[in-house]
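Q: Structure for this input, please:
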Amino acid sequence: MVESNRKLTAWLIILAVLAVHLALASGVPLGVDEAHYALYALNPDLSYFDHPPMVGWLQLLIAPLGYNELTVRLIPALLYALSSVLVLRLGRTLFNDESGRTGLVAVFLLNTAPILQLMGWGLVPDLPLMVVALLAVDVTWRIYQHNRLVDWLLLGVLYGFAGLSKYTALFIPIGLVGFLFQHQGMRWLRQPGPWLAAVIAFVLISPVLIWNVQNDWVSFAYQLDRGMEVSVWSLKDALGMQVGQMLLYSLLAYVVGIAVLISVLRNRFPQEHKAAAWLIIWTTWPGLLVVAYSAGGDAVLPNWPAMMWSVLAPLSAYWICLNWQKLWVKILTLVSSVLSVGIIAFVFAFLAFMPLSTFPFMKGAIKDLVGWKQAAVHARQLLEEVRQETGSDEPVLLVDNWVRASRIAWYAYPLPVQVITDRLSQFDFWYGEPDADSRGILIRDNRSVPEDGRYEKAGIVCQLRDVLNTGVDGVEVNRFQFYYCDPQLK
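A: Numbers count the residues shown, from 1 in each chain. Presented below is the predicted three-dimensional model:
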């Protein structure tokens, strides 16, 4: 009876979170990344400049429903719910959790991580990678126990899907190799399974390779420059990332994730479950250590270690259940739960109602959400005026940063949006690069405007044409400027 109640509670958490995500989906405009990856679906390709194609391919599934805020957020909501189901399953299969305690705690850990909640609402490449990683751990455990060829073949498919999701998928096979070398030495290589899995994975990721061959390996070069370029390593930045993970993935998950690693390394972990613990450690900690080091040398986004923390959830949950009699574990759980659930509740309540006059400090947090649809609509109107004035369809929409481009391009689709910058972006592949002879309407959201209304960048000269103020709850959030750019203004 108790076991069934725990499983029911876990499922109620999963369904309740899914309901909240879907209920909020249609009422909030798309953010930077959401709009960017939704554009992948509107421009289907083998791969893309900044990421493999999985996020775009997944959004193609909703094409029959039409694209709007609700449908674009349907895929991440379902993927997040599936992630919760998978950690519930792993709690049972890895740790013989017949009581349902480990699975319930794992679901709780996953759903009290504020950043994972936001990822379950807005699609990023890390979310399908999370699902694939959890499935890969499950299949790897079956291989360890039974070593069946069919599981090796399935693992190859999962590795291929992981490679189609995000380049950091590399940490998943690294975990497998480390785990099997530790527990089986070299003998696991003396069979066809792993080699067939590698072939299947290679075939599945071939779209990414083909696209890069066609485009001078530009995506790989971009990722290597982004990940390897370290000018000065800063302890302060590295520690800041650790604090960020502590808050965004929950204090409980962070502390217990370290505690369980120490427990396993010091041989204070139940022997019957040590192999399962090592499987998860090999799959997660190499990536977490790379993120920890990289944060000291370059900007590391907080969603990058999401796959690692989600895979850690079943192991951390088992450790919590194992040590629940300790007072400090109960206190930590209480404090962390209040903090994380409080953050999640506040963020979603704020997004639902946006009472900005009551919470003015949230203005910066919603700057990327408010007013961009209105700005795109206004820019379309101005562009149409310019095209009528010039008698030409040559003028396009312009922005001076790809971050601005994503929302404008989404809400102004199918109008081309070009980015005035010396850095390559995905928009250059879709719409071409502007040059000194480019004409069009430039959209900016800076607070200040040049005194003479004249703006120049990369040889393109523009003159202020209009201004649009947007806000919510009586508070101005964004002030958009619209410039007319024309080589004759030089």
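Q: Going by C-alpha atoms from here, please, whenever you check contacts or count neighbours.
A: Will do.
Q: Domain map for this structure?
A: For the chain, automatic domain parsing gives the domain ranges 2-352, 372-489.
Q: Turn those domains into CSV, including mean pLDDT, distance to residue 360 and mean neighbour count.
A: Below are those laid out as CSV (pLDDT from 0 to 100; distance: least, CA to CA, whole Å; neighbours: other CA atoms under 10 Å):
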stretch, mean pLDDT, distance to residue 360, mean neighbour count
domain 2-352, 95, 11, 19
domain 372-489, 93, 8, 18
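Q: Out of these, which gets nearest to residue 359?
A: domain 2-352 (8.8 Å; CA to CA).
Q: Longest helix in the chain, please.
A: helix 327-353 (DSSP state H).
Q: same for it, what does it pack against?
A: Applying 3 or more CA pairs under 8 Å, 6 or more residues apart in numbering; DSSP states H and E, we find helix 327-353 packed against helix 2-25, helix 114-119, helix 251-265.
Q: Let's see that with 7 Å instead.
A: helix 114-119, helix 251-265 (3 or more CA pairs under 7 Å, 6 or more residues apart in numbering; DSSP states H and E).
Q: okay, the angle between that helix and helix 2-25?
A: 30 degrees (axes from the mean of the first three to the mean of the last three CA atoms, to 10 degrees).
Q: now the angle from helix 327-353 to helix 251-265?
A: Using the same axes, to 10 degrees: helix 327-353 against helix 251-265 is 140 degrees.
Q: Could you tell me how far helix 327-353 lies from the centre of the chain?
A: 21 Å (CA atoms, centre = their mean, to the nearest Å).
Q: now swap in stretch 293-301 and tell me
A: Worked out by CA atoms, centre = their mean, stretch 293-301 lies 17 Å from the chain centre.
Q: coming back round to it: now the domains of the chain in CSV, with distance to residue 361?
A: Compiled in CSV, the domains of the chain are given as follows (distance: least, CA to CA, whole Å):
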stretch, distance to residue 361
domain 2-352, 12
domain 372-489, 11
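Q: what's the closest of the ones you listed to residue 363?
A: domain 372-489 (6.3 Å).
Q: what comes into contact with stretch 48-63?
A: Residues from elsewhere that reach stretch 48-63, judged by CA atoms under 7 Å, 6 or more residues apart in numbering: 37-38, 40-41, 44, 46-47, 71-72, 75, 124-125, 164-166, 208, 218-219, 425-426.
Q: Look up phi and psi at the residue nearest to residue 6 when sequence neighbours are not counted.
A: Counting by CA to CA, 6 or more residues apart in numbering, the nearest residue to residue 6 once its immediate chain neighbours are dropped is residue 100, at 5.7 Å. Backbone torsions of residue 100, given as degrees, to the nearest 10, read phi 80, psi 0.
Q: Also residue 418?
A: phi -100, psi 150.
Q: mind starting the numbering at 609 from now?
A: Yes, from this point I'll number from 609; that puts the last item at residue 1026.
Q: any idea which element the nearest residue to it once chain neighbours are set aside lies in?
A: Excluding the flanking residues, the one nearest residue 1026 by CA to CA, 6+ apart is residue 1006, at 4.9 Å. In this structure, residue 1006 sits in strand 1004-1007 according to DSSP states H and E.
Q: Please apply the same query to residue 890.
A: Here residue 890 is assigned to helix 882-902, by DSSP H and E.
Q: What angle do helix 859-873 and that helix make with each other?
A: 120 degrees.
Q: helices or strands up against helix 882-902?
A: helix 779-792, helix 914-930.
Q: could I have the shortest one exported to PDB, CA atoms only?
A: The one in question is helix 779-792. This file holds the C-alpha atoms of helix 779-792, laid out as PDB (Å, rounded to 0.1, in the frame of the first residue of the first chain):
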ATOM      1  CA  PHE A 779      30.400  12.700 -22.200                       C
ATOM      2  CA  ILE A 780      27.800   9.800 -22.400                       C
ATOM      3  CA  PRO A 781      30.000   7.300 -24.300                       C
ATOM      4  CA  ILE A 782      33.000   8.500 -22.200                       C
ATOM      5  CA  GLY A 783      31.000   7.300 -19.200                       C
ATOM      6  CA  LEU A 784      30.300   3.900 -20.700                       C
ATOM      7  CA  VAL A 785      33.900   3.400 -21.600                       C
ATOM      8  CA  GLY A 786      35.200   4.300 -18.200                       C
ATOM      9  CA  PHE A 787      32.500   2.200 -16.500                       C
ATOM     10  CA  LEU A 788      33.100  -1.000 -18.600                       C
ATOM     11  CA  PHE A 789      36.900  -0.700 -18.400                       C
ATOM     12  CA  GLN A 790      36.600  -0.400 -14.600                       C
ATOM     13  CA  HIS A 791      34.400  -3.500 -14.200                       C
ATOM     14  CA  GLN A 792      35.300  -5.700 -17.200                       C
END
